[in-house]
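A.B. asks: build me a structure from this.
(chains A, B, C and D)
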Number of protein chains: 2
Amino acid sequence: MQSESALTPQSFATDPDEQLIVERISAAVMEQRLPPDTKLSESKLCDAFGVGRMHVRRALLLLGSQGIVTLKPNRGAFVASPEPEEADEVFESRILIETALVAKMTDGLDDEILQGLERHLEAEKNARNSQDRPEVIRLSGEFHVLLAAASGNRTLARVVRELVMRSSLIVALFGPPGGVSCPEDEHPRILAALARRDVDAASRLLAAHLRHIQGGLDPNVARPEHQNLARILGLT
Amino acid sequence: MQSESALTPQSFATDPDEQLIVERISAAVMEQRLPPDTKLSESKLCDAFGVGRMHVRRALLLLGSQGIVTLKPNRGAFVASPEPEEADEVFESRILIETALVAKMTDGLDDEILQGLERHLEAEKNARNSQDRPEVIRLSGEFHVLLAAASGNRTLARVVRELVMRSSLIVALFGPPGGVSCPEDEHPRILAALARRDVDAASRLLAAHLRHIQGGLDPNVARPEHQNLARILGLT
DNA sequence: AATATGAGAATCGTTAACAATCCTTGTCAA
DNA sequence: TTGACAAGGATTGTTAACGATTCTCATATT
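C.D. replies: Reported below is the predicted structural model:
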């Protein structure tokens, strides 16, 4: 269970404290435990991580530069809440980049990498069987990051990682209330195509997979303004 | 001459001061006026931009997160000096992303966008005729950013912009001493293919163009360690 | 002459206090 | 009851001073 090996391919973070904060918040976002528009108070984060305000501030700036957090002047940091247009952009970008990436994977597909992906899918299946929803979400996104990392191009892997993370936010916003929309067994089929060196099929399957997720999004379902308020109003 | 319209597609910077610093340093890097490994002293930047140290610090952190600047603990910020492997990664990423992007441009290619690109090429030609080297370098890179922006996908445009900027660093390091390696008239030919809606040809031309630049790089020519030191040692 | 050493200066990193802005809450008037 | 308004508290933004590390350069020693 290699926890955050692929999730930290080239994080450019300089300080260990800041990197930890960035990774923790990123993980929480990927697992959809931090819903969009959640306020990220500086003081809360300070005593949550036991660090000074400066580190929290810098970490939030980094998260903001990745589109995971929105920084509103004099208001503070909030978990980003992408617009539907941005959601489209992110998925179109992923389709374009990831399919091209897989299609070019003909060389450099050694057994070691394939076995690593196999092990990952096993972990995914286990998490699904255990009904461990956050873990399923996290591993589900990580599969795409691992796929990109398998190309050996860390720069590209970093780009994909950023897009996958934003996708988690988007699914949290526009996805079906149950949680993940579809994955089912599409990941294994992609890997199977790769295992038999049919990169074109893998690319097509990947495109279909992403379009499947994208199709499960509903731009109208979201924008609850503030979830708490809505829930309270529903209970009265 | 739309100065930095396309260069600022989604800069995620929150403060106007910091955004200015980031853009200025980015521009200087793209124009290769700031060679790799140049020390970026905080105090120098402070009175250069007339802002407090905090803004400089945050701007440098953002630049570091984009791979344009390297932050060494207790040492300060330096203009990044990519390794040859990283250079390969960046160009492979660009080839993958930009060619796929152009190949999918069949729709959304209205005359307005084409005219904008035409105007840009004219500016490029003028700069070349005027022997304005920094401007040539800047516009040359900006063409690719405009091309990405023409897709209407700001997310993708931001990714391309980051890669183009790092390419400038790479060319500054490994490129021919004269300056830009090749561009010549390849940009106009790409646009011509687009104008006749032959996106496949445009994609191929773009790939050839990028490989041409990549081929002009010499991984061994670089690494002067510290230019000053080398020069001093040569004089003694 | 070359290297090692150490004091001083310069730079970066951190903390703490201060200032500014925003949010909440209570009050008052229409 | 509803709306505006103001005071208080909470949170963010900024500045300045302090501490830590590194760099420079002069000095001394081999």
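
A.B. asks: contacts for the strand or helix carrying residue A:126 next, please.
C.D. replies: Per DSSP states H and E: residue A:126 is located in helix A:111-129. Helix A:111-129 has contacts (CB atoms under 8 Å, 6 or more residues apart in numbering or on different chains) with A:1, A:135-136, A:139-140, A:142-143, A:146-147, A:150, A:187-188, A:191, A:194-195. Where you see a C-beta, it was placed from the backbone N, CA and C, and this is true even at glycine.

A.B. asks: just the buried residues of the residues you listed.
C.D. replies: A:135-136, A:139-140, A:142-143, A:146-147, A:150, A:187-188, A:191, A:194-195 (16 or more other CB atoms under 10 Å in any protein chain shown).

A.B. asks: point me to the helix or strand that includes residue A:33.
C.D. replies: Going by DSSP H and E, residue A:33 is not in any helix or strand.

A.B. asks: my read is that it contacts residue A:134, right?
C.D. replies: Yes - in this structure, residue A:33 is within contact of residue A:134 by CB atoms under 8 Å, at 6.0 Å.

A.B. asks: circling back: narrow the buried ones among the contacts of helix A:111-129 to those in helices?
C.D. replies: Of the positions in these, A:135-136, A:139-140, A:142-143, A:146-147, A:187-188, A:191, A:194-195 sit in helices, assigned by DSSP state H.

A.B. asks: and the nearest residue to residue A:210 once chain neighbours are set aside, what does it touch?
C.D. replies: The shortest distance from residue A:210 to any non-neighbouring residue, by CB to CB, 6 or more residues apart in numbering or on different chains, is to residue A:95 (5.0 Å). By CB under 8 Å, 6+ apart, the contact list for residue A:95 reads A:207, A:210, A:211, A:214.

A.B. asks: of these, just the buried ones, ChimeraX syntax please.
C.D. replies: Applying 16+ other CB under 10 Å to the contacts of residue A:95, the buried members can be selected in ChimeraX as follows:
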select /A:207,210,214
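
A.B. asks: and of the contacts of residue A:95, the nearest to chain B?
C.D. replies: Chain B lies nearest to residue A:207 out of those, by CB to the nearest CB, at 11.5 Å.

A.B. asks: stretch A:140-147: how far from the chain's middle?
C.D. replies: Distance, stretch centre to chain centre, for stretch A:140-147: 8 Å (CA atoms, centre = their mean, to the nearest Å).

A.B. asks: for the residue of chain A found nearest DNA strand C, which non-adjacent residue is closest in space?
C.D. replies: The minimum distance from chain A to DNA strand C, using CB to the nearest atom of the strand, falls at residue A:52 (2.8 Å). Of all residues not flanking residue A:52 in the chain, residue A:46 sits nearest, at 7.0 Å (CB to CB, 6+ apart).

A.B. asks: now swap in residue A:139 and tell me
C.D. replies: residue A:124 (4.6 Å).

A.B. asks: could you give the number of residues near that neighbour?
C.D. replies: A count of neighbours around residue A:124, defined by other CB atoms under 10 Å in any protein chain shown, yields 20.

A.B. asks: follow-up on the earlier one: format the contacts of residue A:95 as a markdown table; extra columns: pLDDT and secondary structure.
C.D. replies: Below are the contacts of residue A:95 laid out as a markdown table (pLDDT from 0 to 100; DSSP: H, G, I helix; E, B strand; the rest coil):
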| residue | pLDDT | secondary structure |
| --- | --- | --- |
| A:207 | 97 | helix |
| A:210 | 96 | helix |
| A:211 | 96 | helix |
| A:214 | 94 | helix |
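
A.B. asks: between the contacts of residue A:95, which is nearest residue A:70?
C.D. replies: Using CB to CB, residue A:214 is the member of the contacts of residue A:95 that sits closest to residue A:70, with 22.4 Å.

A.B. asks: how close does residue A:156 sit to residue A:167?
C.D. replies: 16 Å (CB to CB, to the nearest Å).

A.B. asks: residue A:131: what secondary structure?
C.D. replies: coil (DSSP: H, G, I helix; E, B strand; the rest coil).

A.B. asks: meant to ask about residue A:71, not that
C.D. replies: Classified using three-state DSSP, residue A:71 is strand.

A.B. asks: which ones are touching the residue positioned nearest the centre of chain A?
C.D. replies: Of all residues in chain A, the one closest to the mean position by CA atoms, centre = their mean is residue A:165, 2.8 Å from it. Residue A:165 is in contact with A:26, A:29, A:30, A:66, A:68, A:141, counting by CB under 8 Å, 6+ apart.

A.B. asks: do that again at 6 Å, thanks
C.D. replies: Applying CB atoms under 6 Å, 6 or more residues apart in numbering or on different chains to residue A:165 gives the contacts A:30, A:68.

A.B. asks: chain center to the host helix or strand of it, what's the gap?
C.D. replies: Element membership of residue A:165, judged by DSSP H and E, is helix A:154-174. Chain-centre distance of helix A:154-174: 4 Å, with CA atoms, centre = their mean.

A.B. asks: put the alpha carbons of that helix into PDB.
C.D. replies: What follows is helix A:154-174, C-alpha atoms only, in PDB (Å, rounded to 0.1, in the frame of the first residue of the first chain):
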ATOM      1  CA  ARG A 154       7.400  13.500 -14.200                       C
ATOM      2  CA  THR A 155       6.400  16.800 -15.700                       C
ATOM      3  CA  LEU A 156       3.500  15.300 -17.400                       C
ATOM      4  CA  ALA A 157       2.600  13.300 -14.300                       C
ATOM      5  CA  ARG A 158       2.500  16.400 -12.300                       C
ATOM      6  CA  VAL A 159       0.100  18.000 -14.700                       C
ATOM      7  CA  VAL A 160      -2.200  15.000 -14.700                       C
ATOM      8  CA  ARG A 161      -2.000  14.900 -10.900                       C
ATOM      9  CA  GLU A 162      -3.200  18.500 -10.700                       C
ATOM     10  CA  LEU A 163      -6.100  17.800 -13.100                       C
ATOM     11  CA  VAL A 164      -7.100  14.700 -11.200                       C
ATOM     12  CA  MET A 165      -7.200  16.600  -8.000                       C
ATOM     13  CA  ARG A 166      -9.400  19.200  -9.500                       C
ATOM     14  CA  SER A 167     -11.600  16.500 -10.900                       C
ATOM     15  CA  SER A 168     -12.200  15.200  -7.400                       C
ATOM     16  CA  LEU A 169     -13.600  18.600  -6.500                       C
ATOM     17  CA  ILE A 170     -15.700  18.600  -9.600                       C
ATOM     18  CA  VAL A 171     -17.200  15.200  -8.900                       C
ATOM     19  CA  ALA A 172     -17.800  16.300  -5.300                       C
ATOM     20  CA  LEU A 173     -19.800  19.200  -6.700                       C
ATOM     21  CA  PHE A 174     -21.600  17.900  -9.700                       C
END
